[in-house]
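Engineer: Structure of the sequence below:
(4 chains)
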Number of protein chains: 2
Amino acid sequence: MTPEPRSGRPRASSREVLSEAACELFLEQGYDATSVSDITRRAGVSRSSFFNYFSAKSDVLWSGFDERVDAAVADLRDGGAPLEVLAAIGDGLAPDALALAIVNADAMGIAAELDRDRAIRQFRLQREAAARLVREGAAPLAAQVRAGALSAAVLAAVWAWADHTAGRSLTDAMSEALAAA
Amino acid sequence: MTPEPRSGRPRASSREVLSEAACELFLEQGYDATSVSDITRRAGVSRSSFFNYFSAKSDVLWSGFDERVDAAVADLRDGGAPLEVLAAIGDGLAPDALALAIVNADAMGIAAELDRDRAIRQFRLQREAAARLVREGAAPLAAQVRAGALSAAVLAAVWAWADHTAGRSLTDAMSEALAAA
DNA sequence: TCCGATGTTGGATTGAGTCCAACAATACAT
DNA sequence: ATGTATTGTTGGACTCAATCCAACATCGGA
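Structural biologist: Numbers count the residues shown, from 1 in each chain, chains lettered A, B, ... in the order given. Presented below is the predicted three-dimensional model:
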């Protein structure tokens, strides 16, 4: 994602390091009881640096997924077909901080926060997919409805995959969910 | 909604008064530039009182709609059919602060905030409707997808009604949107 | 007139998020 | 070697949303 700058001071940390530190603390103390300062202290950087890597405390869990969403949004604007573009979000999505948080949502006391963040990502996909559908002639309301179904499928598949009570692969969950739409 | 207490000090203000004060200020200064203190100062109450009426600054626009959502959620848990329950959200929904904010989103500089709040409401409906569908035997993924379509329809209808470029009634927009789902 | 219930208020506190200027570490050009 | 531009880090000050609480105000009823 970051295009490797060819000059300047190298980064002292990384999204992954901060993300892991955050996950540990969320599991130990819970999300609310963990401040941004706690996270950066454990990661060994200053509080200011946190916001060089993430735009908000809640984003620390969504960094990986958001990269896929960014790519999907770009593809949709380039004219990609919604169904294929959304299906591609699952490709290469690794079990990361988000998956861990979904599974341990109760232990982290993060259920409500997770709902909010999920809603925001889903709606972003919905808006972009709907815009794409309208651009190819769909009625605005119908486009929102179909895009709502598709984007709900994406997030539902990620959830089903993360707390894999059924040992289900993400690709399978994604195609089953999108097939229902 | 408030069950009229038969004793105790009467309320010095109301949700409506605060909501109107907030709308005025959002239009004059924008959402971000308006603090909670600004709102309560204009409404003639203390800052503390604001949080007796609303749980967050952003909720000041959603109070009316949230009452309908609360009712819908209760109906869904009582076993109401998702399609009818969601359609009923539109009944009796008056043009209030929310509708004003949708129309004047740009002037208020509130577009991003409005997206977030819309996403949260839509997802709440989706979750509850999906739970209802699962309870009557639907597959979990398919339920999320269908509930996603239905809840997207509700919010899309409200938006289409609010910025009524087409002078469309809410009931019409709602039935057209739900028909597409 | 007193009592319980409900509402209001001010103040203190916490923590997220922003902003900025000073400083540090790198690649590159000369 | 020695600048120089570039990028990243840091500490600190700052704003503001949101929480909490104890003191006080205003009602109905006993």
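
Engineer: use CA for all of it now, contacts and neighbours both
Structural biologist: OK.

Engineer: So the helix or strand of chain A with the lowest mean pLDDT, near chain B or not?
Structural biologist: Of all the helices and strands that make up chain A, the one with the lowest confidence by mean pLDDT, DSSP states H and E is helix A:170-179; it has a mean of 94. Yes - part of helix A:170-179 sits close enough to chain B to count as contact by C-alpha under 8 Å from any C-alpha of the partner chain, namely A:176-177.

Engineer: Any chance you could spot the residue sitting in the middle of chain A?
Structural biologist: A:F65 (3.0 Å; C-alpha atoms, centre = their mean).

Engineer: element containing that one?
Structural biologist: Taking DSSP states H and E as the criterion, the element that holds A:F65 is helix A:63-77.

Engineer: What residues of that helix count as buried?
Structural biologist: A:63-65, A:68-69, A:72-73, A:75-76 (16 or more other C-alpha atoms under 10 Å in any protein chain shown).

Engineer: cool, and stretch A:81-101?
Structural biologist: Of the residues in stretch A:81-101, those buried (16+ other C-alpha under 10 Å) are A:82-83, A:85-90, A:96-99, A:101.

Engineer: And stretch A:42-57, by the same measure?
Structural biologist: A:42-43, A:47, A:50, A:53-54.

Engineer: circling back: got the contact list for the residue nearest to the centre of chain A?
Structural biologist: By C-alpha atoms under 8 Å, 6 or more residues apart in numbering or on different chains, A:F65 lies in contact with A:93, A:98.

Engineer: Get me the contact residues on chain A for DNA strand C.
Structural biologist: When proximity is defined as C-alpha under 7 Å from any atom of the strand, chain A approaches DNA strand C at A:6-10, A:32-37, A:48, A:51, A:55-58.

Engineer: Counting neighbours, what do you get for the residue of chain A found nearest chain B?
Structural biologist: Shortest chain A-to-chain B distance, computed as C-alpha to the nearest C-alpha: residue-wise this is A:A149, at 4.4 Å. One way to gauge burial is a neighbour count; for A:A149, by other C-alpha atoms under 10 Å in any protein chain shown, it gives 29.

Engineer: circling back: would you show me how to pick out the buried ones of the residues of chain A next to DNA strand C in PyMOL?
Structural biologist: Applying 16+ other C-alpha under 10 Å to the residues of chain A next to DNA strand C leaves a buried subset, and the PyMOL line that selects it is:
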select buried, chain A and resi 34+36
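
Engineer: out of the residues of chain A next to DNA strand C, which are inside strands?
Structural biologist: Among the residues of chain A next to DNA strand C, DSSP state E puts none in strands.

Engineer: ok so, going back, widest-spaced pair of the buried residues of helix A:63-77?
Structural biologist: Checking the buried residues of helix A:63-77 against each other with C-alpha to C-alpha, the farthest-apart pair comes out as A:S63 and A:L76, at 20.0 Å.

Engineer: can you tell me which residues contact the residue of chain A found nearest DNA strand D?
Structural biologist: When you check chain A against DNA strand D by C-alpha to the nearest atom of the strand, the closest residue turns out to be A:G8, at 2.9 Å. Remark: with contacts taken as C-alpha under 8 Å, 6+ apart, A:G8 is in contact with nothing.

Engineer: Now do stretch A:85-97: everything it contacts.
Structural biologist: So stretch A:85-97 is in contact with A:19-20, A:23, A:61-62, A:64-65, A:68-69, A:72, A:75-76, A:150-151, A:154, A:158, A:162, A:170-171, A:174-175, A:178, going by C-alpha under 8 Å, 6+ apart.
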